[in-house]
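1. coordinates for the following, if possible.
(one chain, ligands or ions: 1)
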Amino acid sequence: MKKMADFDKESFKTEVKNNVKILYRRDIEEATPQMIYQAVAYSVKDDIIDRWIETHKEYKKQNAKKVYYLSMEFLIGRLLGNNILSLGYYPQIKEALEEMGFDMDFIEDQERDPALGNGGLGRLAACFLDSLSTLGYPAYGCGIRYRYGMFKQKIKDGYQYEVPDDWLINGYPFEVKRAEYAVEVKFGGYVRVEQKEGRNHFIQEGYSAIRAVPYDLPVVGYGNNVVNTLRIWDAEASQEFNLESFDKGEYSKAVEQANLARTLVEVLYPNDNHISGKELRLKQQYFFISASVQSAILKFKETNDDIHNLPEKVVFQLNDTHPTVCVAELMRILMDEEGLDWDEAWDITTHSCAYTNHTIMSEALEKWPIELFSRLLPRVYQIVEEINRRFVLKIQELYPGNQDKIKSMAILYDGQVKMAHLAIAGSFSVNGVAKLHTEILKKRELKDFYEMRPEQFNNKTNGITQRRFLAHGNPLLAKWLNENIGEGWITDLSQISKVKVLVDDPKYQQEFMNIKYQNKLRLAKYIKENNGIDVDPDSIFDVQIKRLHEYKRQLLNILHVMHLYSELKENPDMDMYPRTFIFGAKAAAGYKRAKLTIKLINAVADVINNDASIEGKIKVVFIEDYRVSNAEIIVAAADVSEQISTASREASGTGNMKFMLNGAPTLGTMDGANVEIVEEVGAENAFIFGLSADEVMKYEREGGYNPWDIYNSNQNVRRVLTQLINGMYSPDDPERFRDLYDALTKEDIYFILKDFDSYAEAQRRVDAAYRDTSAWARMAMMNTACAGKFSSDRTIEEYVKDIWHLKKIKVDLPK
Ligand code: 26Q
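-> A predicted model of the protein is given here:
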């Protein structure tokens, strides 16, 4: 058995060569880069496995309480580099590979991003797993092994095209299939009631059965030998049942099951903050929840004999409402399979489940037609009925005769199952993801629930892992930090505040900005190779990367670029610091307006980038296929972080934290975690603009505002609006952007015109501030220095203390 301290370069090299032979029947000289990557990954995996086994022995020995983080999405990003970093021999492997004639970055680039998530919510789950392992807390991530992850984005003629993400095409070296832990999941059919031993037994019959097969991915803690598990479920046809069906001549049932197995985990729904009420989506949810809860209970029983103690050993954290069927599925198992009565089962369930809310966007609140829900999950639906009946009774007891309360809180209403209400009824904890967000939940969205049970509500401000987004993504800054403040920040980000003593020193300022410059060169190279555009590394890199959504207001950003360009054309001598506006964003495949916004950004880029008369003072770049791996490169190179959502709409944001950590001040609204970023770094080290959340919500209560008031009184706004429909950016089809024009002038529900002037003014402040090199360096450094709070390690410690109550585990490797 190999141990961390014993990393031996020569045996590593031998192992890599050997792996190439075993895997591909080739000598290393004939191996492709992909083969080398696989061979390296397998030898890293070898080291991980030992730690993985030891970790789980320790959990068993201590009968440790575990958190099951249930999530439809885990946007983990590439694993090779991070795993090596966590094992503690990144420099050694880099050196070994160099001696073999390979470049580490190039080998890492061979790995496909496992893109099993959309955006913020999925990436948060991945950061949480990283922190759980690094802090030594027992945890499982439970999710779905989508055959196709988030689509790859191609830009052709300025439009987005979606290409399937066949991430498993070469095999994924870090996963382990655990066929021995497969379980069965049942869909459809009907429920028969049988009286036995004085109580009712509920038996589901005529169902379709699917075999859920787990694949485990290691989650490697940083420098501590702890390896947790991300368990993703694959669906297979339930073989035994098939044969039985054939015997009975139930051919069509067998075919139906095989088809369901094939389609169930086929693809991740590429919607972010938007519901698509598709039947298959609900099937996916129940599939992975039933499998995960079954396997958690089996695991619990290995070391416990009284099911009543479940809440002492297991906590299920629901990542938004997507896993909410967990509440009813756990009830079903406890009653139908463990033989408990309702009250016992309810007590256990409501002490085991906790729910995190990630959104207040009404179009993202999950509801399912009862007709569909009950057809697909007949037994689970019966249980939801009973949960609802008892919950409504409780509401009536508290508020006799108050129909409004029932309307706003019932789980079943108007023919729908309201998943958030089920989650709240079945959980002991409900949390939001930033202070402002949690306040809005308490005061507005979930007001009635809060008033009924205030102690249930709590805030857990999001965080990000500094291991991926600094140690791995920004190696130059990481090295600088190690040299100047020590390595403690890697596992204790509060220590990064030590940078504060350096912020006024010209020598350190220069070093810091020089690192930024090197990172801008790296990004410029990436942009040249991937977009064919030359960008000036001396210009301000102004970056907005996130999912394309109207509330995130990429449209405000590009309208301002159009404005700036018009100003420059009118006044060629205008004093402006050269700026590169960088965008990266995927639009949900069916989200027309979002896709049109991408086209607009590219159309504006085309005009501006090809206008020699402005001497390159403005460049616009849309980076194709924004994803975790290129985020690491983009964030490290940013000068300005665009976080410009309509106040009250962005629950937290986490990109904002990545930029701050990497020394880019926020240009943003007082929304989500921006509020707390400003609290930490000081308003003088950010560029804040726009309506406050209270102001936005007040307008909304009053039925909105009138965009024509702005149109009439603001010449700059009028000019860019006109450019949307006069063909300036669409000479071949002047009507192309009409829909954007209409959205802005009819209702402007995202307050883009309303915030336009304030945003333009904040942009002028950025321009002015950047010219003072030393003051800017200080501001950038202050952002890094004040980012300590935004480590996901801090977030996880809060979840552990307030919700999960886990104990840290130490893992030693046998000598
Ligand atoms: C639901 C049903 C059907 C299909 C798709 C969905 C779906 C999928 C993804 C609904 C929502 C999401 C994702 C939501 C999300 O990413 N929310 C973000 O969560 C982050 C982490 O807490 C916050 O920082 C962001 O502010 C929030 O937008």
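2. how about the strands in the stretch 401-550 of the chain?
-> 412-413, 416-418, 429-432, 457-459, 540-545 (DSSP state E, counting those that start in this stretch).
3. tabulate these in TSV, adding columns for mean neighbour count, distance to Lys498 and mean pLDDT.
-> Bear in mind the C-beta positions are built from the backbone N, C-alpha and C, glycine included. What follows is those, written out as TSV (neighbours: other CB atoms under 10 Å; distance: least, CB to CB, whole Å; pLDDT from 0 to 100):
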stretch	mean neighbour count	distance to Lys498	mean pLDDT
strand 412-413	18	54	98
strand 416-418	22	48	97
strand 429-432	24	31	98
strand 457-459	17	27	98
strand 540-545	24	26	99
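4. a markdown table please, covering those and showing distance to the ligand.
-> Shown next, in a markdown table, are the strands of the stretch 401-550 of the chain (distance: least, CB to the nearest ligand atom, whole Å):
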| stretch | distance to the ligand |
| --- | --- |
| strand 412-413 | 19 |
| strand 416-418 | 13 |
| strand 429-432 | 9 |
| strand 457-459 | 12 |
| strand 540-545 | 14 |
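5. in a markdown table: the ones you listed, plus distance to Val265.
-> Listed next are the strands of the stretch 401-550 of the chain as a markdown table, based on distance: least, CB to CB, whole Å:
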| stretch | distance to Val265 |
| --- | --- |
| strand 412-413 | 29 |
| strand 416-418 | 23 |
| strand 429-432 | 29 |
| strand 457-459 | 33 |
| strand 540-545 | 28 |
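6. of the ones you listed, which is nearest Arg771?
-> Nearest to Arg771 among the strands of the stretch 401-550 of the chain is strand 540-545 (10.0 Å), distances taken as CB to CB.
7. gap between that closest one and the chain center?
-> Distance of strand 540-545 from its chain centroid, counting by CA atoms, centre = their mean, to the nearest Å, is 20 Å.
8. what's the following helix or strand past that strand packed up against?
-> Next along the chain after strand 540-545, taking DSSP states H and E as the criterion, comes helix 554-570. Applying 3 or more CB pairs under 8 Å, 6 or more residues apart in numbering; DSSP states H and E, one finds that helix 554-570 contacts strand 579-584, helix 592-609, strand 618-623, helix 715-725, helix 752-771.
9. now those in TSV, with distance to the ligand, mean pLDDT and mean neighbour count?
-> Converted to TSV, the helices and strands packed on helix 554-570 look like this (distance: least, CB to the nearest ligand atom, whole Å; pLDDT from 0 to 100; neighbours: other CB atoms under 10 Å):
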stretch	distance to the ligand	mean pLDDT	mean neighbour count
strand 579-584	16	98	24
helix 592-609	14	98	20
strand 618-623	20	98	23
helix 715-725	27	98	18
helix 752-771	18	98	18
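10. got a markdown table for the ones you listed, with distance to Met150 too?
-> Formatted as a markdown table, the helices and strands packed on helix 554-570 follow (distance: least, CB to CB, whole Å):
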| stretch | distance to Met150 |
| --- | --- |
| strand 579-584 | 13 |
| helix 592-609 | 15 |
| strand 618-623 | 15 |
| helix 715-725 | 30 |
| helix 752-771 | 27 |
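11. the domain parsing of this structure - what is it?
-> 63-77+113-462+798-804, 467-691+751-789 (automatic domain parsing).
12. could you dump the ones you listed to a markdown table with distance to Ile48?
-> Putting the domains of the chain into a markdown table (distance: least, CB to CB, whole Å) gives the following:
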| stretch | distance to Ile48 |
| --- | --- |
| domain 63-77+113-462+798-804 | 5 |
| domain 467-691+751-789 | 15 |
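13. just the buried residues of the helix or strand where Tyr42 lies, please?
-> For Tyr42, the host element (DSSP H and E) is helix 33-62. Neighbour-count burial for helix 33-62, counted by 16 or more other CB atoms under 10 Å, picks out 35-45, 47-48, 50-52, 54-56, 58-59.
14. ok, stretch 487-507 next?
-> For stretch 487-507, by 16+ other CB under 10 Å, it's 489-491, 493, 495-499, 502-503.
15. coming back round to it: what about the helix holding Tyr42, average pLDDT?
-> Taken as a whole, helix 33-62 has a mean pLDDT of 98.
16. begin at 54 from now on, thanks
-> Got it, the first residue is 54 from now on, which makes the last one we talked about helix 86-115.
17. what element comes up after it heading to the C-terminus?
-> In N-to-C order, the element after helix 86-115 by DSSP H and E is strand 119-123.
18. just the C-alpha atoms of that following strand, please, in CSV.
-> Output in CSV follows, covering the C-alpha atoms of strand 119-123 (Å, rounded to 0.1, in the frame of the first residue of the first chain):
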residue,chain,number,x,y,z
LYS,A,119,-23.6,11.0,8.0
VAL,A,120,-25.2,13.7,5.8
TYR,A,121,-26.8,12.6,2.6
TYR,A,122,-26.7,15.6,0.3
LEU,A,123,-29.5,14.9,-2.2
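19. write out the residues of this structure neighbouring the ligand.
-> 171-174, 177, 322, 324-326, 328-329, 334, 411-412, 417, 419, 486, 515, 703-707, 725 (CB under 6 Å from any ligand atom).
20. let's see that with 8 Å instead.
-> 125-126, 170-177, 322, 324-331, 334, 373, 375, 409, 411-412, 414, 417, 419, 486-487, 490, 515, 600, 703-707, 725-726 (CB under 8 Å from any ligand atom).
21. now the buried members of the residues you listed.
-> Of the residues of the chain next to the ligand, these count as buried by 16+ other CB under 10 Å: 125-126, 170-177, 322, 324-328, 334, 373, 375, 409, 411-412, 414, 417, 419, 486-487, 490, 515, 600, 703-707, 725-726.
22. taking those one by one, which sit in helices?
-> In this view, those that belong to helices under DSSP state H are 173-177, 334, 490.
23. and those residues as CSV, adding distance to Trp533?
-> Formatted as CSV, those follow (distance: CB to CB, whole Å):
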residue, distance to Trp533
Gly173, 29
Leu174, 32
Gly175, 31
Arg176, 26
Leu177, 28
Arg334, 46
His490, 34
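24. which two of those residues have the greatest separation?
-> Of all pairs in these, the most separated under CB to CB is Arg334 and His490 at 24.5 Å.
25. what pLDDT does Leu418 get?
-> 85.
26. count the residues that sit near it.
-> For Leu418, the count of nearby residues is 16 (other CB atoms under 10 Å).
27. and stretch 695-703, what's its mean pLDDT?
-> 98.
28. hmm, who's touching that stretch?
-> For stretch 695-703, contacts defined as CB atoms under 8 Å, 6 or more residues apart in numbering pick out 413-414, 489, 493, 595-597, 604-606, 609-610, 706, 708-709, 712, 719-725, 727, 743-746, 748-750, 803-804, 808, 812.
29. coming back round to it: the buried residues of stretch 540-560: which two are farthest apart?
-> Most distant of the buried residues of stretch 540-560, by CB to CB, are Thr544 and Val556, 23.3 Å apart.
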